[in-house]
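[1] from the sequence below, what's the structure:
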Amino acid sequence: MTITVYPPYGSMPTNALYTQYTGMQTDAFGRLRISQPYTLFDSQNRYQADPAFSQSTSTGGTATFVQDRACIDMATTTSSGSAVVLQTRRVFSYQPGKSFLFLATFVMNEPKANLRQRVGLFSVNDGVFFQVNDSTKSFVIRSSTSGSPSDTRTVNQADWNQDRLDGTGPSGLTL
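    Residues are numbered from 1 along each chain as shown. You can find the predicted model right below:
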């Protein structure tokens, strides 16, 4: 697609083609994405659990590598405090003036009472993540700028704009 602005200064001719790019075509600063992606981190569990991740479990939680599915099966019990955490210690620092695109593939368990599942770029102090808490799906921004960590912004699925991914939006998809 070509965008032609003629003359370089002044008004545009009536027959000029003007295209506005939105969504994934632009970066966080509204600039057109024209560069090739550069991978900062790639994790796969093809033949073993990826050593770039550390595993921690408590109160009966387990993390098991499943070779024929090339994945880590994480399981908790119904005991209070049962948990599994799989995380990399790698830090992905923000670089001023550059946008950052995060893509993740994951499969979550069916929503259940007292089960919280999260995926994203976050620590106990800061970050952004998608979660299913009980049966509520939401995006969360966590910050510790106040001196202690708190989930400063939680946007539940019912409050998502454009497409709530509940089958009623333009995509027709249901999470």
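
[2] tell me where the model's unsure across this protein.
    In the predicted model of the chain, residues 1-18 satisfy pLDDT under 70.

[3] can you rerun that using 80?
    Judged against pLDDT under 80, the low-scoring parts of the chain cover residues 1-24, 27-31, 33-38, 99.

[4] center of it, which residue is that?
    Centroid-nearest residue in the chain, with CA atoms, centre = their mean: Gly120, separated by 4.6 Å.

[5] contacting residues for that one?
    Gly120 makes contact with Phe102, Ala104, Gly127, Val128, Phe129, Phe130, Val140 under the criterion CB atoms under 8 Å, 6 or more residues apart in numbering. Backbone N, C-alpha and C define where each C-beta goes, glycine included.

[6] quick one: the residues you listed as TSV, columns for secondary structure and distance to Gly30 too.
    Output for the contacts of Gly120, formatted as TSV (DSSP: H, G, I helix; E, B strand; the rest coil; distance: CB to CB, whole Å):
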residue	secondary structure	distance to Gly30
Phe102	coil	19
Ala104	coil	24
Gly127	strand	24
Val128	strand	20
Phe129	strand	25
Phe130	strand	24
Val140	strand	25
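
[7] how about the strands of this structure, start to end?
    53-58, 62-66, 71-75, 83-88, 116-122, 127-133, 136-143, 150-156 (DSSP state E).

[8] kind regards, and thank you for your time.
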